[in-house]
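Visitor: Quick one, fold the following:
(one chain, ligands or ions: 1)
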Amino acid sequence: MGYAVAVDGPAGAGKSTIAKLVAKNMDLTYIDTGAMYRGIGIFIRDAGVDPDDEEAVSKAVSGITMDIRYQDGVQHVFVDGRDVTERLREEETGRLASRVSRYPAVRSRLVALQRQMAESGNVIMDGRDIGTVVLPGAQLKIYLTASVQTRARRRWKELLEKGEPADIAEIQADIEKRDNQDMHREVSPLKKADDAVVLDTSDMTIEQVVNRIEGLARIRRKNPKVVLAQTAGFCFGVQRAVKTVYDETKGSGPLYTYGEIIHNESVVDDLQKHGVTVLDTPDDVRKAEKGTVVIRSHGVSKDVYDDLQNAGFRIVDATCPFVLKIHQIAREVTSGDGELVIVGDRTHPEVEGICGWCRKPATVIDTKEEADSLIFPENTDVTIVSQTTFNLQKFEEIVEIIRAKGYNTNVCNTICSATEERQTEARRIAATVDAMIVIGGKKSSNTRKLYEICKRECPETYLIQTFADLNLISLAKADSIGITAGASTPNTIIEEVLHNV
Ligand code: DC
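Guide: The predicted model follows:
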């Protein structure tokens, strides 16, 4: 077998439209196996054989010849030497094809022919059983689907454009009947191969679907070397916080998190389905029915903590121990004469929380420019801490600038070890690959920093939330691909990306 892409799915999902375009873009031979079953349908009809008589159909097809030839790139079907291509798309032909395709004698003849065709070149083949039966060794398997309403609407429009107006409800009923027949027949029913990529095209344009499949097909053909960072994904603090909330869902009474538990939409959505409500503001706290509040790994300010307690909520504190340590330093330093400098993003909840434990205002800086313009009286005791997920290299550069000013500096590198290890590994991998993928939520600060670090080493770095965001066509140019993920990225998302590239 050469290179093969298998596309399966129900009637009207767009298989042939998409497969033809991918074939053209990638110089593959497109094989429409549905047309072959349709050819048998035409033959049976012309020969006056009852399509429900298995024996008669099997006998009739045992002697016929079927030939597929390409004329100007178009697949023509010849049954017993007759070109039946013109009649393939008729509604009645489709119905008959579905009925006769359930017979083992019909299938074994066509499957053998289809395998033969795949052996002689690089193909994209569409049908119902390509990934499961005809070409189980295909390099890429796609299961293309769409809602029955969408498929009916597409077919209705197609007929309208051809000047054959039809009743949409009838079309939908017909599609449902065919789905049922194709999915529930005994021999090779339509089903997704275990290793197929599922694409629901209901809300996708043709161009989007082609890009997706072509991108995947190009990546599989190239077979790049893929390196997954061992440090990718949930850190200990995040894992603990998420587990804490799931554990609490087993209890009774209203359950809240103060802010989203982690910066990841899929986890937050799932928790919402488990009845967890997010409280965002003091006003939310005031209005909420009393219950349990889980404080997330970022931590909160002392005021928020006190407000929750005074309002009568039960608090379950899942603040990361690395963050708690910074709260302690912040409290101690700001109780004395010295100054506290927090290196981090002042709008990030972790930094807001740290500021909220200070007895007097601390200075928050994020850039080397801000470090440059920092001024304290001579001989001031300056303690520097960092946001746990800050970029280590940038932190060290900022520290150097402040040190050079001659204050009595005390540096507490509070970047957590998981962040440090993750960044170091990401930098190392990014420096050796053609393309780097960084996976994480839009609001995740540590993911953004990972992206910056990787981008510096590898210009072809992609920042994505889920696999669906990946520009596969451009990624397919890479011979080697690295993957890392932020501390709040669940394993399921990482695995989906890894599996597909
Ligand atoms: O994809 P299509 O509508 O042209 O297919 C017509 C019928 O042929 C379909 O209802 C089921 C059958 N078929 C099949 O059983 N196996 C295939 N590989 C392709 C089509």
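
Visitor: all strands of the stretch 101-250 of the chain, in order?
Guide: Along the stretch 101-250 of the chain, the segments classed as strands by DSSP state E, counting those that start in this stretch run 123-127, 140-145, 197-200, 225-228.

Visitor: Which residues does the second one contact?
Guide: Applying Cβ atoms under 8 Å, 6 or more residues apart in numbering, the contact partners of strand 140-145 are 4-10, 13-15, 18, 130-131, 192-193, 195-201, 209, 213, 216-217, 220. C-beta here means a position set from N, CA and C on the backbone, and glycine is covered the same way.

Visitor: Of those residues, keep whichever come out buried.
Guide: Buried members of the contacts of strand 140-145, scored by 16 or more other Cβ atoms under 10 Å, are 4-10, 13-15, 18, 130-131, 192-193, 196-197, 199, 201, 209, 213, 216-217, 220.

Visitor: Could you list which of the residues you listed also contact the ligand?
Guide: Among the buried ones among the contacts of strand 140-145, the ones lying near the ligand by Cβ under 6 Å from any ligand atom are residue 130.

Visitor: about what we covered before: now intersect the contacts of strand 140-145 with the helices, please.
Guide: Counting by DSSP state H, the part of the contacts of strand 140-145 found in helices is 15, 18, 209, 213, 216-217, 220.

Visitor: Tabulate these (TSV), appending pLDDT.
Guide: Shown next, in TSV, are the ones in helices among the contacts of strand 140-145 (pLDDT from 0 to 100):
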residue	pLDDT
15	94
18	96
209	96
213	97
216	96
217	97
220	94
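
Visitor: I'd like those residues laid out as TSV, including distance to residue 341.
Guide: As requested, the ones in helices among the contacts of strand 140-145 are exported to TSV (distance: Cβ to Cβ, whole Å):
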residue	distance to residue 341
15	60
18	56
209	52
213	52
216	48
217	52
220	50
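
Visitor: Nearest to the ligand, out of those residues: which one, please.
Guide: Closest to the ligand out of these is residue 15 (6.5 Å), distances taken as Cβ to the nearest ligand atom.

Visitor: these two touch, right, that closest one and residue 9?
Guide: Yes: if you go by Cβ atoms under 8 Å, residue 15 and residue 9 touch, sitting 5.4 Å apart.

Visitor: what do those two both touch?
Guide: With Cβ under 8 Å, 6+ apart, residue 15 and residue 9 have common neighbours 126, 144.

Visitor: quick check, residue 92 in a helix?
Guide: Yes: according to DSSP: H, G, I helix; E, B strand; the rest coil, residue 92 belongs to a helix.

Visitor: Setting the sequence-adjacent residues aside, check what's closest to it.
Guide: Excluding its sequence neighbours, the residue lying closest to residue 92 (Cβ to Cβ, 6 or more residues apart in numbering) is residue 45, at 7.4 Å.

Visitor: what's the pLDDT at the residue nearest to residue 105 when sequence neighbours are not counted?
Guide: Nearest non-adjacent residue to residue 105, counting by Cβ to Cβ, 6+ apart: residue 58, 3.6 Å away. Model confidence at residue 58, given as pLDDT, is 95.

Visitor: A strand includes residue 497, no?
Guide: No: counting by three-state DSSP, one finds residue 497 to be helix, located in no strand.

Visitor: in the stretch 251-400 of the chain, which spans are strands?
Guide: Assigned by DSSP E, counting those that start in this stretch, the stretch 251-400 of the chain shows strands spanning 255-258, 276-279, 292-295, 314-317, 339-343, 363-365, 381-386.

Visitor: Indicate which one of the ones you listed is closest to the ligand.
Guide: Nearest to the ligand, of all the strands of the stretch 251-400 of the chain, is strand 276-279, at 44.3 Å by Cβ to the nearest ligand atom.

Visitor: Give the residue spans of this protein that score low on pLDDT.
Guide: By pLDDT under 70, the chain has no low-scoring segment.

Visitor: So which bits of this protein are right by the ligand?
Guide: Of all the residues in the chain, those in contact range of the ligand (Cβ under 6 Å from any ligand atom) are 11, 33-34, 37-38, 94, 97-98, 101, 127-130, 178, 182.

Visitor: The same query, at a cut-off of 8 Å, please.
Guide: Contact residues, the chain versus the ligand (Cβ under 8 Å from any ligand atom): 8, 11-12, 15-16, 32-38, 41, 88, 94, 97-98, 101-102, 107, 110, 114, 126-130, 134, 178, 181-182, 185, 188, 190.

Visitor: if I look at residue 155, how far off is residue 66?
Guide: Relative to residue 66, residue 155 is positioned 26 Å away (Cβ to Cβ, to the nearest Å).

Visitor: same question, residue 51
Guide: 17 Å.

Visitor: do residue 288 as well
Guide: For residue 288, the distance to residue 66 - Cβ to Cβ - is 69 Å.

Visitor: Now do the contacts for the residue most central in space within the chain.
Guide: Centroid check for the chain by Cα atoms, centre = their mean gives residue 467 as the closest residue, at 2.6 Å. The neighbourhood of residue 467, defined by Cβ under 8 Å, 6+ apart, consists of 493, 496-497, 500.

Visitor: hang on, residue 135 packs against residue 126?
Guide: No: with contact defined as Cβ under 8 Å, residue 135 does not reach residue 126; the gap is 11.1 Å.

Visitor: Which one of those two is surrounded by more residues?
Guide: residue 126 (27 against 24; other Cβ atoms under 10 Å).

Visitor: does that one have beta-bridge partners, and which?
Guide: Counting by DSSP bridges, residue 126 is bridged to residue 7, residue 32.

Visitor: My read is that it contacts residue 13, right?
Guide: No: between residue 126 and residue 13 there is no contact, the gap being 9.5 Å when judged by Cβ under 8 Å.

Visitor: No more questions from me, cheers.
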